[in-house]
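Peer 1: Sequence plus predicted model, see below.
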Amino acid sequence: MMVRVATYFMMSFRAFLFWQSMEKFHVWITLHQDEKDPGIGFCIGEIINRDRLDSNLEVV
């Protein structure tokens, strides 16, 4: 009985530690995402958006 209680406690405690570390990790990513180079996906998205803006300006 004592082994089961201790095992349950340790599993719960480890899950709590994992949850907290992931929360800190995601907060860190959110705060620092604007400082990094956005990468190729962002650049492609910007090119597509510029093309759409240019085509909208030509129509007007």
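Peer 2: Cool, got the structure. Residues are numbered from 1 along each chain as shown.
Peer 1: can you pull the pLDDT of residue 33?
Peer 2: Looking at residue 33, its pLDDT stands at 78.
Peer 1: how about it, phi and psi?
Peer 2: phi -70, psi -30 (degrees, to the nearest 10).
Peer 1: Check the gap between residue 32 and residue 26 for me.
Peer 2: For residue 32, the distance to residue 26 equals 11 Å [CB to CB, to the nearest Å]. Bear in mind the C-beta positions are built from the backbone N, C-alpha and C, glycine included.
Peer 1: just residue 20 next, same as before
Peer 2: Taken as CB to CB, the span from residue 20 to residue 26 is 11 Å.
Peer 1: do the same with residue 9
Peer 2: Per CB to CB, residue 9 is found 26 Å from residue 26.
Peer 1: so where's the chain shaky on pLDDT?
Peer 2: Counting by pLDDT under 70, the chain has low-confidence residues at 35-60.
Peer 1: show me where it has helices.
Peer 2: 2-32, 40-59 (DSSP state H).
Peer 1: who does the first one touch, helix- and strand-wise?
Peer 2: So that's helix 2-32. In this structure, helix 2-32 makes packing contacts with no helix or strand, judged by 3 or more CB pairs under 8 Å, 6 or more residues apart in numbering; DSSP states H and E.
Peer 1: What's the local residue count around residue 20?
Peer 2: 10 (other CB atoms under 10 Å).
Peer 1: brain fart, residue 10
Peer 2: Going by other CB under 10 Å, the residues that sit close to residue 10 add up to 10.
Peer 1: cool, and residue 24?
Peer 2: Neighbour count for residue 24, taken as other CB under 10 Å: 10.
Peer 1: And it, how far from residue 12?
Peer 2: 19 Å.
Peer 1: got it, and residue 32?
Peer 2: 31 Å.
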